[in-house]
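**Student:** Okay, sequence plus prediction incoming.
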Amino acid sequence: AAATYIGSLVTLQSQAVEQVATVQANGSIFSLPAGAVKVAVGAEYRNESARFIPDAASQAGTVAGNQQPATSGAFDVKEVFGEGLLPVLKDLPFAEYVELNGAVRFAHYSTAGDATSWKCGATWQVSSDLKFRGSEASATRAPNIAELFTPAAQTFPGIASDVCSGYSAPGVAANVAANCGAQIGALGPGLPGEPNPPTYDPTYTGATGQAALQGVGGYTSGNPNLKPETAYTFTAGLVYTPSWLQGFQLTSDFYDIRIHGYIGGLDRQTTQAACYGANPSEFATNIFCQQIIRQHDATLGAIIKQINFPTFNLGSIKTAGVDTTITYAFDLGDFDDSLRNAGSFSFTLNTTYISHFDTDPGVPGTDLIKSAGDAGLQMWRGLLRMTYTNGPLEVSPALRYIGPAYVSKESALSPPANTTELPGNRLPSVWYTDINVSYDVTEQVQGYVGVNNLFDVRPPETFQGAFDDTGTGTLAGAYDPIGMFIYGGVNLKL
């Protein structure tokens, strides 16, 4: 009876519906010495709708976790497209095959308006061993239903600091002093005994101040006025499949991506910068100042209680890097006939290098954010997987590598000032070992077991507050906060 009294049935209804109608024509229109020229044209109509409905208790936030609002919405899109392939050279020295290709797509979204995407590329097959490829493209991404229609959802992000702390002191930037003064002044008279009258500078001292920083709440939300974001991309790479080593292949691709008008929200510190660093004459209409809510506190001054995070079309994101994949597969019988029934091995190594990941919010008062090297955007990541197969048995161990990183590279300092750097800001590299074993009992039944993080590697610990995920002591999006995880199951093919 007691369990029934304090318990609650938690339910979630989630539905996504996509209706698609497509008409397309394709074929060869004429031939050249290197091959047929091919084109495809078509049109498409899509209607997409979705809804996410938690139970009443979850929506009210009276069960585990924050409030979860119900979300629903729909949009449709009309598109026309065309693409073509032009063979240029064939069966020539150092040009076994060369082709050019291109595509264009025009779209109209009922919510976000018009969008145009295009692509042009080339493939150069030097020989049966070596191929080069490259492309340049402009792509658009329309906002999805969640980005458009999500109502205010509760969150408790916490903040590392308050830009307005000490705003009335000499030497503070004029914009900061003016904007902080305008916002705090609008609160009216302070409370009895509140520190730092009449400016009521927030102080956040002691354990009470730390709790106030970590306790800053807020709401995330969608925005029905979003427009499509546009990405300009350039890629160039090679594929090497040596004839002298059967089963081996190396692919490596350089990419350069620039996104404009990206869809996203500012983080808590950047929201403050976009408000307090902006022109004071625009304070009353500054949409980012409207997201910061303060209140008088008898102990700490005019502190931040809430920062909201609606979704916007913001400035630009620029990134570049190299993705490389090496694969090698062989049967043991290839080395000795006596091992013909001993099974086969395959090895796959994936590496990713990020040279830079720069975000310009495109908002006055904010700075360029260089995130490459931060946790979640480590400059180096890798995955090595080996798979042994013998009939119905498959054994697949894997080794995951996450390179060294910063919690916040902007907080990193060079010697000798690094003695004042926040503890836990520099994170070591991490290796995780996984293994999966599966067995096909019949053609319709497969059993499997596995272990993730076999050696129970602990994640790097980060300083508490705005730079960890609540309750984990680390950045759970970048590292494994759970530890060794054992699983098993059965797959049925009907």
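**Tutor:** Sure thing, it's come through. Numbers count the residues shown, from 1 in each chain.
**Student:** Please name the residues that touch residue 377.
**Tutor:** Contacts for residue 377 (CB atoms under 8 Å, 6 or more residues apart in numbering) come out as 354, 357, 371, 405. Just so you know, the C-beta spots here come from the backbone N, C-alpha and C atoms, and that holds for glycine as well.
**Student:** Counting only strands, which of those residues make the cut?
**Tutor:** Taking DSSP state E, the ones among those that sit in strands are 354, 357, 405.
**Student:** For the residue nearest to the first one when sequence neighbours are not counted, list each beta-bridge partner.
**Tutor:** Spelled out, it's residue 354. Nearest non-adjacent residue to residue 354, counting by CB to CB, 6 or more residues apart in numbering: residue 321, 4.2 Å away. Under DSSP bridges, the beta-bridge partners of residue 321 are residue 255, residue 354.
**Student:** just residue 383 next, same as before
**Tutor:** residue 350, residue 400.
**Student:** cool, residue 79 as well?
**Tutor:** According to DSSP bridges, beta-bridge pairing links residue 79 with residue 44, residue 107.
**Student:** Show me the shaky parts of the stretch 301-450 of the chain.
**Tutor:** Along the stretch 301-450 of the chain, segments meeting pLDDT under 70 span 409-424.
**Student:** coming back round to it: scan the contacts of residue 377 and report the most crowded one.
**Tutor:** When neighbours are counted by other CB atoms under 10 Å, residue 405 leads the contacts of residue 377 with 25 neighbours.
**Student:** measure it to residue 354 for me?
**Tutor:** Distance from residue 405 to residue 354, counting by CB to CB, to the nearest Å: 11 Å.
**Student:** what helix or strand does the residue nearest to the spatial centre of the chain sit in?
**Tutor:** When CA atoms, centre = their mean is applied to the chain, the residue found nearest the centroid is residue 376 (8.6 Å). Taking DSSP states H and E as the definition, residue 376 sits outside all helices and strands.
**Student:** Now it. Its backbone dihedrals?
**Tutor:** phi 100, psi -30 (degrees, to the nearest 10).
**Student:** what would the contacts of residue 377 look like in TSV with distance to residue 364?
**Tutor:** Output for these, formatted as TSV (distance: CB to CB, whole Å):
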residue	distance to residue 364
354	28
357	22
371	21
405	30
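**Student:** Roughly how far does the residue nearest to residue 354 sit from residue 398?
**Tutor:** When distance is defined by CB to CB, residue 321 is 22 Å away from residue 398.
**Student:** what about the strands in the stretch 251-400 of the chain?
**Tutor:** Secondary structure of the stretch 251-400 of the chain (DSSP state E, counting those that start in this stretch): strands located at 263-264, 292-297, 301-307, 309-310, 312-313, 316-331, 344-360, 369-370, 380-390, 393-402.
**Student:** who wins for proximity to residue 26 among those strands?
**Tutor:** The closest of the strands of the stretch 251-400 of the chain to residue 26 is strand 316-331. By CB to CB, the value is 30.0 Å.
**Student:** Give me the contact list for that closest one.
**Tutor:** 245-262, 340, 343-360, 362, 372.
**Student:** So how do I select the buried members of these in PyMOL?
**Tutor:** Remark: buried members of the contacts of strand 316-331, expressed as a PyMOL selection using 16 or more other CB atoms under 10 Å:
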select buried, resi 247+248+251+253+254+255+256+257+258+259+260+261+262+343+344+345+348+349+350+351+352+353+354+357+359+360+372
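**Student:** Which helix or which strand is home to residue 85?
**Tutor:** Secondary-structure assignment from DSSP H and E places residue 85 in strand 71-92.
**Student:** list the helices and strands that strand packs on?
**Tutor:** Applying 3 or more CB pairs under 8 Å, 6 or more residues apart in numbering; DSSP states H and E, one finds that strand 71-92 contacts strand 12-32, strand 35-54, strand 95-109, helix 145-149.
**Student:** tell me which residues in that strand are buried?
**Tutor:** 71, 73, 75, 77, 79, 81, 83-89.
**Student:** re earlier: looking at the strands of the stretch 251-400 of the chain, which is buried most?
**Tutor:** Greatest average neighbour count among these goes to strand 301-307 (a mean of 23), per mean count of other CB atoms under 10 Å.
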